[in-house]
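Next input, structure requested:
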Amino acid sequence: MRDLDFPIGFTEERMRSRQAMVEKLDSFQRALESNPQAKDRDSFFEAAYRLVTSPKAKEAFDLQRETQATRQRYGSKIGQSCLLARRLVEAGAKFVTVVDTGWDTHQQIAYNLTYGFPGKLPGLDTALSALLEDLEERGMLERTLVVAMGEFGRTPKINPGGGRDHWPGANSICLAGGGVLGGQVIGKTDAMGELPVDAPVTPEDFSRTLYTLLGVDPDQTFKTADGRPIKLVDGGRFVRELVTG
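Numbering: from 1, shown residues only. Presented below is the predicted three-dimensional model:
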C-alpha cells in the first residue's frame, strides 16, 4: 500500500531518531503546560494583546491630545516621556518606567550635564518639576509614587578626562507623592560625597520601603523552576522617616 514504505534514502534508523525527537518535544510541551510560571506568562501575553488592541491605550499614548502649552511646560525629550507617563497613569497603568540615557559622564561632566545636546540637568529639572506640579493639580500625586534615580553614584573625584566614574559608596534618590512626606533629606554623606556618615539607607532598605509604599508584600518568596527560593527583598528595613518625618 502507498506510503507504508519509507521514501528512497530514508532508513528505519532515521525514522526512530525522528520519533525520539518528537517524544522529547512532546514531553517538553507537557512539562511547560503544567508549570505554574508558564501559566503566569499566558496572562502577560493576554495583557500585551489587550494593550495593542485597546482604544483606551492608543488614546493614552497619543500626546497630540495634550495642549501645546502643556507639552512646552514639560520640555523636550525626557519631558515628553514624563508627560506620557502621566497620561498612562491617568489611564490606569500601575507601573511606568521613564528611561533617560546620557548620564554616564566619564568625560567633561560639567559641560555635558549643563550644555550637552540636550543639557541633562536643565531637561530633568523642567520635566520632573512639571510632572510633580501636574500630578498635584490633577489630584493624582498623593496616590502616585514618583521615584527619580540612577543605578549608582559617581566618583567623588574628577578623573583625568574631566568626568566621574561609577561609584557604589553613595548615591541620592528623589521620592515624591505616594504617601511620602516631602521637603526633607534623609541621610548625609561626608564633605566629599564619598560615603554616608549619618542615617545610611542600603539598597535592601530602599527596596523594602519601595515595595511597602506600593502595597506589595516585601517578604514574599518565589521559587525558580528547580525549586530554589528567591526572596523579593533579602533583609532591609522600612525607612519610616519617609512617611513620618
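
Quick check: which element contains the nearest residue to V147 once chain neighbours are set aside?
The shortest distance from V147 to any non-neighbouring residue, by CB to CB, 6 or more residues apart in numbering, is to L175 (5.5 Å). Every C-beta, even on glycine, is put in place using the N, C-alpha and C of the backbone. Using DSSP states H and E, L175 falls within strand 174-176.

For that strand, which strands pair with it and how are they oriented?
Applying DSSP bridges, strand 174-176 is found paired with strand 146-148 (antiparallel).

pLDDT on the strand it pairs with, on average?
For strand 146-148, mean pLDDT rounds to 98.

Read off the pLDDT value for the residue nearest to V147.
L175 is given a pLDDT of 97.

mind listing what it touches?
L145, V146, V147, A148, L242 (CB atoms under 8 Å, 6 or more residues apart in numbering).

Next: L121.
Applying CB under 8 Å, 6+ apart, the residues contacting L121 are L113, T114.

Next one: it relative to E66, how far apart?
Using CB to CB, to the nearest Å, L121 is found at 24 Å from E66.

Q19 too?
For Q19, the distance to E66 - CB to CB - is 61 Å.

More neighbours: which of those two?
E66 (17 against 10; other CB atoms under 10 Å).

I'd assumed Q80 was in contact with the more buried one.
No. The pair E66 / Q80 is not scored as a contact, 9.4 Å apart, by CB atoms under 8 Å.

Report the secondary structure state of D40.
When classified by DSSP: H, G, I helix; E, B strand; the rest coil, D40 comes out as helix.

per-residue confidence for it?
At D40, the pLDDT value in this model is 70.

and it, how many neighbours?
D40 - counted by other CB under 10 Å - has 9 other residues nearby.

Distance-wise, check F28 relative to V22.
Taken as CB to CB, the span from F28 to V22 is 11 Å.

ok, now Y49?
Distance of Y49 to V22, given as CB to CB: 30 Å.

Angles on the backbone of the nearest residue to G153 once chain neighbours are set aside, please.
Spatial nearest neighbour of G153, chain neighbours left out: N171 (3.8 Å); criterion: CB to CB, 6+ apart. When read as degrees, to the nearest 10, the backbone of N171 gives phi -160, psi 160.
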